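Participant: Predicted coordinates and the sequence they were generated for:
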Amino acid sequence: MPKPVRSAVEVETVKKKILDTALAMMCDDGFDVLSMRKLALRLGMTAANIYNYYNNKDELYLAIQTNGFQMLCDRFQVIAASALPESDKLAAMMRDYVDFGITNPDYYEIMFSRNTPKYADYKNTDMEPAAAIEKQAALRVAELTTQGIISYSVSAGKAPLSAEDAGYITIALWSALHGMVNLYNSRVLQEVEAAADILVNRLVRDLLDKFLGISVDCPIEPLTSDK
């Protein structure tokens, strides 16, 4: 008797379980060590069954990357569409970047901290279309920040910022916040600073002041982590 066809909800549940397990294994052992056979063994499934959902580990990896960047992009889009002043939008985006990184440490590690394949590695391969989708999701996060910087500059009556200058500021802010997230997730920050929440908010305020001359009062909110 043939097995009943899974519902769409059941299929998505299985796919999420596969992705979550693959993500944990990539963080534990690295992308290069992951294999569909090892993943199947961890899940208690057959490799043949996993191939019903994903063709190979690169497809799995790109799905993880795309999910992660889309999660972060969704946060930024909500802020960008809000009625907050432009300066507060930028502060909220920076704080949400940190919150995303510490509440989703596995995603963050694969997205930003590991030397994993990039779009250029998939060019002229069967995986290029999926890699292009992942890259666009990642670029959208940067674009929202850059657009926010330009919008603030206009709203504040400052000298117009070029896209190049706004892009530079985006990278500068991103670099500083990335260091903060890595220090927090490695627990180094907690070793040297008990009041991590206050320090994160101070960093956000100082960065906005240094690069854009924005003076904001970031609320002190608890940082949460799954670690």
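Facilitator: Happy to help now that I have it.

Participant: Quick check, pLDDT for the nearest residue to residue 51 once chain neighbours are set aside.
Facilitator: Distance criterion Cβ to Cβ, 6 or more residues apart in numbering; nearest residue to residue 51, sequence neighbours excluded, is residue 36 at 7.0 Å. Yep, even glycine has a C-beta here, placed from its N, CA and C like the rest. pLDDT for residue 36: 93.

Participant: Residue 36 against residue 57, yeah?
Facilitator: Yes - using Cβ atoms under 8 Å, residue 36 is in contact with residue 57, at 6.1 Å.

Participant: Pull the contacting residues for the residue nearest to residue 51.
Facilitator: By Cβ atoms under 8 Å, 6 or more residues apart in numbering, the contact set of residue 36 is 47, 50-51, 54, 56-57.

Participant: for residue 64, same thing?
Facilitator: Contact analysis of residue 64 by Cβ under 8 Å, 6+ apart lists 19, 22-23, 26, 107, 110.

Participant: Which elements pack onto the helix or strand bottoming out on mean pLDDT in the chain?
Facilitator: Sorting the helices and strands of the chain by mean pLDDT, DSSP states H and E puts helix 196-212 at the bottom, at a mean of 84. Applying 3 or more Cβ pairs under 8 Å, 6 or more residues apart in numbering; DSSP states H and E, we find helix 196-212 packed against helix 86-103, helix 128-155, helix 163-185, helix 188-192.

Participant: Now with 6 Å, please.
Facilitator: Helix 196-212 sits against helix 86-103, helix 163-185, with contacts defined as 3 or more Cβ pairs under 6 Å, 6 or more residues apart in numbering; DSSP states H and E.
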